[in-house]
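**Student:** Any chance you can model this:
(one chain, ligands or ions: 1)
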Amino acid sequence: MSHFTSGDGKKRLSLDTIHATSGGSFTIGVWGMTDALKLVVSEDKALDVNKLKPGDLRPQVLGVDAKVATITKLNKIPNTEVTVYKIQMNKVTGVYRLELQFGVDVWDWARLQCGAKPAVAEDTSKGTGYLNVHVVWATPPPPVSPLPHCSTVASLLLEKHGFKLRVTPSLSWYGVGDKPTIQGFESGVVCTKDIGNVPALSTKVKALPAYQSNKLIVVMANARTHTDPDKDPGNLAGQTVPEGGELHDMDECKTIGVKKGYIIINVNNRAIDGATLVHEMGHVVGFCGHIGDHTKLMSYGVRRNQVQKGQIAQFQSAFFHSDV
Ligand SMILES: [Zn+2]
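**Tutor:** I've put the predicted structure just below:
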């Protein structure tokens, strides 16, 4: 899939924060550029996706041309798929995004910090080893599953911090292959507090050998937050279920913590930045609440690429971490 690289084509820059100077210029590479893709410098708006109706989601959160830069195509690096562009910034300061847009989809993005210091310094902590997740299906996979995007984004973000994401069974964009299933939840997993069928799902999850072997179980489900599917707002992307199998509100979670547990990912909804899996993993390692800074993983932001202080250490000591 097309993505950003450094100007020399050597380093992938997906989800990075690029620092530019006001009135200055820099080069960026695009691997696999096509006529169908649009390269834009856009506004970096913080939108609360939960306040949008599902039908409005994609067009509204697609970055709008910020008109702060001139983009010039330079050359293709010989013997590679990388096309190089020059980004000439106007005399502006602020935070923007570089986006590779494909219709109303975003194929890749990087945050662009121009002339301004970030409000909070980036956390560059590094961990080691593997974070192990195991995917099971509680619904037949839809034609377009959020899983490949979610796992790519989780891998990229975790790799920036030294971890490898290990997904079992291995994923394929097209393939069917080995897909472990949980039966009995085809009509839906209802993620309402104290109601719904999550406790029944938890019983099945805990019986899985992978759960016993300290992998983090990811249940791909036809999920919702309302008992009545017709009244469901349709905005649930993912849900963390703590060890006890019951759902807590976030204040409660802060006092009990999430020591073990599993994740539900809704196959019917896709967070536009694909960060749902790694966001839910953040809940599992003990970051219960949500924060307002829309660049952070634990926010409801539409372009999340930053971890919080302490988060990498929590991943390092997670029950689903292994050294090899
Ligand atoms: Zn959350």
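
**Student:** The stretch 51-200 of the chain: helices as residue ranges?
**Tutor:** 57-61, 147-160, 198-206 (DSSP state H, counting those that start in this stretch).

**Student:** Give the full set of residues in contact with the nearest residue to Asn269 once chain neighbours are set aside.
**Tutor:** Distance criterion Cβ to Cβ, 6 or more residues apart in numbering; nearest residue to Asn269, sequence neighbours excluded, is Ala237 at 5.1 Å. Quick note: C-beta positions are derived from backbone N, CA and C, even for glycine. Contacts for Ala237 (Cβ atoms under 8 Å, 6 or more residues apart in numbering) come out as Pro146, Ile265, Asn266, Asn269, Arg270, Ala271, Thr276.

**Student:** export the helices of the stretch 51-200 of the chain to JSON lines and tack on distance to Leu131 and mean pLDDT?
**Tutor:** Output for the helices of the stretch 51-200 of the chain, formatted as JSON lines (distance: least, Cβ to Cβ, whole Å; pLDDT from 0 to 100):
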{"stretch": "helix 57-61", "distance to Leu131": "27", "mean pLDDT": "54"}
{"stretch": "helix 147-160", "distance to Leu131": "6", "mean pLDDT": "93"}
{"stretch": "helix 198-206", "distance to Leu131": "18", "mean pLDDT": "92"}
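
**Student:** Redo those helices as a markdown table? Include distance to Asp228.
**Tutor:** Formatted as a markdown table, the helices of the stretch 51-200 of the chain follow (distance: least, Cβ to Cβ, whole Å):
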| stretch | distance to Asp228 |
| --- | --- |
| helix 57-61 | 21 |
| helix 147-160 | 27 |
| helix 198-206 | 16 |
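
**Student:** Tell me which of these sits most buried.
**Tutor:** helix 147-160 (a mean of 20; mean count of other Cβ atoms under 10 Å).

**Student:** Run through the neighbouring helices and strands of it.
**Tutor:** Judged by 3 or more Cβ pairs under 8 Å, 6 or more residues apart in numbering; DSSP states H and E, helix 147-160 is in contact with strand 164-168, helix 276-284.
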